[in-house]
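In: Below are the sequence and a predicted model for it; my questions follow.
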Amino acid sequence: MQTLVTNRPEEAARHLNRGETVAFPTETVYGLGADAFNPDAVAGIFRAKGRPSDNPLIVHVASPERVGNVATEISDDARRLIERFFPGPLTIVLKKRDAVPGIVSAGLPTVGVRCPAHPQAAEFLRHCHHPVAAPSANLSGRPSPTDWQTVEHDLGGRIGCLLRGEPSTIGLESTIVDCSVQPPLLLRSGAISLEALRELVPDLQIATSCRKGETPKSPGQKYRHYSPEAEIVLVETPPETLPTNKPAAWIGFSSPPQGAAKSLQCRDMKEYARELFSFFRACDAEGIRTIYCELPPEKGIGQAIKDRLVKAAGRG
Ligand code: TXA
Ligand code: MG
């Protein structure tokens, strides 16, 4: 398959409306979209990514008003979250409408809905005739892509079109809140923090999938995710030196230990989040065998960074 690369949202939408798979930028990570109401098109997403079919997809809408096109029984909590955080890096799980085929929801009675704030994504979605089902645009089991070059590397020749944009500004996938249950459940942490969510939904619970070593509530959380080929070592404080028998890398806030073959010292948590997945990818490309990662404070987006680090270390 020839993958057309374009920077024109309208052109990308034309491909999607024809039933093709189209990768597009969002502020969190790049997504791989297909017409959510066209089961054959959606099957193309699973094929291109090598994604297990029991892992449901998030449906993307062009504006908050369109949530009702794919979901029903929108609770007061959900309405408050939509009003405050849509468009933005939040996904809300709600009871699905019949128009959403089972292949999108992996047979679940619910659907995850997101309205991205990214201007190109918003324009693309406005030109699409239907809502757009989209997981992250990586090969299954690889870190989510935060720039178009990585999408091309993973999926070039496997998808119809790639909408080329700037690198994602957040760099970690959306926060997911399940509002189809009472009390609502945080299924995945992201840029919208637990603290911010609890201002609107004080009784929000944390799903066991967000806690270490427990059974996941969100189907996707059971798969090994965000895994570079290198071994991940999580540290509270940096060691003075890294072993030099195998190339090792460092990412964190502290200055890099001696012996680091590659390093990234982040100024703040935003930078850590934004750069983490592309750092993992670059380490793999350069043959790094161990990546030492400094654990961030568990507040704000630090929760989400920690969650991805723990998963990458194979402990989540
Ligand atoms: O930021 C993001 O959310 C990106 C961009 C492209 O929007 N998308 C993304 O999709 O990260 P994906 O497929 O890589 O992760 C979606 C997660 C999976 O863990 C999946 O199991 C969960 O959302 N999910 C989707 N629908 C669900 C549902 N109805 N109930 C529970 N979990 C659901
Ligand atoms: Mg993904």
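Out: Alright, I've got the coordinates. Ligands and ions are numbered 1, 2, ... in the order given.

In: Tell me the residues of the stretch 101-250 of the chain that contact ligand 2?
Out: Selection of the stretch 101-250 of the chain residues close to ligand 2 by CB under 5 Å from the ion yields 135, 136. To be clear about C-beta, it is placed using only N, CA and C from the backbone, and glycine gets the same treatment.

In: so where's the stretch 101-250 of the chain shaky on pLDDT?
Out: 209-226 (pLDDT under 70).

In: ok and the residue in it nearest ligand 2?
Out: Proximity of the stretch 101-250 of the chain to ligand 2 (CB to the ion) peaks at residue 136, 3.4 Å away.

In: Excluding sequence neighbours, find me the nearest residue to that residue.
Out: Distances taken as CB to CB, 6 or more residues apart in numbering place residue 144 nearest to residue 136, at 3.9 Å, with adjacent residues excluded.

In: Checking residue 59 next. Helix, strand or coil?
Out: Taking DSSP: H, G, I helix; E, B strand; the rest coil as the rule, one finds residue 59 in the strand state.

In: and the residue lying closest to residue 45 once chain neighbours are set aside, what is it in contact with?
Out: With sequence-adjacent residues excluded and distances taken as CB to CB, 6+ apart, residue 45 is closest to residue 34, at 5.1 Å. Residue 34 is in contact with 16, 19, 20, 21, 22, 41, 42, 44, 45, 132, 133, 134, counting by CB atoms under 8 Å, 6 or more residues apart in numbering.

In: So what does the fifth one have for phi and psi?
Out: For residue 22, the backbone dihedrals are phi -140, psi 120 (criterion: degrees, to the nearest 10).

In: now swap in the fourth one and tell me
Out: When quoted as degrees, to the nearest 10, the phi and psi of residue 21 stand at phi -90, psi 140.

In: ok, back up a step: report how many residues lie close to the residue nearest to residue 136.
Out: By the criterion of other CB atoms under 10 Å, residue 144 has 24 neighbours.

In: same question, residue 69
Out: Counted with other CB under 10 Å, the neighbours of residue 69 add up to 18.

In: quick one: pLDDT of it?
Out: pLDDT for residue 69: 98.

In: what sits against the closest residue to it other than its chain neighbours?
Out: Leaving aside its chain neighbours, residue 69 sits nearest to residue 131 (6.2 Å; criterion: CB to CB, 6+ apart). With contacts defined as CB under 8 Å, 6+ apart, the neighbours of residue 131 are 36, 37, 59, 60, 61, 66, 69, 70, 125.

In: so the last one touches residue 132, yeah?
Out: Yes: at 6.0 Å, residue 125 and residue 132 qualify as touching, with contact defined as CB atoms under 8 Å.

In: Give the intersection of the neighbour lists for these two.
Out: 60, 61.

In: Neighbour count: these two, which is higher?
Out: For residue 125 versus residue 132, neighbours defined as other CB under 10 Å are more numerous around residue 132 (30 against 27).

In: re earlier: distance check, the residue of the stretch 101-250 of the chain closest to ligand 2 against residue 28.
Out: Noted for residue 136: a distance of 8 Å to residue 28, by CB to CB, to the nearest Å.

In: Kindly report the same for residue 117.
Out: 10 Å.

In: Quick check on the two: which one has the bigger neighbour count.
Out: residue 28 (29 against 17).

In: Next up, the contacts around that one.
Out: 89, 116, 168, 170, 171, 172, 173, 174, 190, 191.

In: circling back to that earlier point, just to check, the residue nearest to residue 136 is in contact with residue 173?
Out: Yes: between residue 144 and residue 173 there is a contact under CB under 8 Å: 5.8 Å.

In: Please enumerate the shared neighbours of those two.
Out: Taking CB under 8 Å, 6+ apart as the contact rule, residue 144 and residue 173 both touch 29, 136.

In: Now do the shared contacts for residue 136 and residue 28.
Out: Common contact partners of residue 136 and residue 28 (CB under 8 Å, 6+ apart): residue 173.

In: The longest strand along the chain pairs with which strands, and in what direction?
Out: In the chain, assigned by DSSP state E, the strand with the most residues is strand 90-96. Sheet pairing of strand 90-96 (DSSP bridges) gives strand 71-72 (antiparallel), strand 110-114 (antiparallel), strand 175-178 (parallel).

In: Show me the one of these that comes nearest residue 251.
Out: strand 175-178 (22.2 Å; CB to CB).

In: Name the residues of stretch 180-198 that are buried.
Out: 180, 184-194, 197 (16 or more other CB atoms under 10 Å).

In: among those residues, which are within reach of ligand 1?
Out: Contacts with ligand 1 within the buried residues of stretch 180-198, as defined by CB under 6 Å from any ligand atom: residue 187.

In: Looking at the buried residues of stretch 180-198, which are in helices?
Out: Taking DSSP state H as the definition of helices, these contribute 194, 197.

In: so of the buried residues of stretch 180-198, which ones are in strands?
Out: The strands, defined by DSSP E, take in 185, 186, 187, 188 from the buried residues of stretch 180-198.
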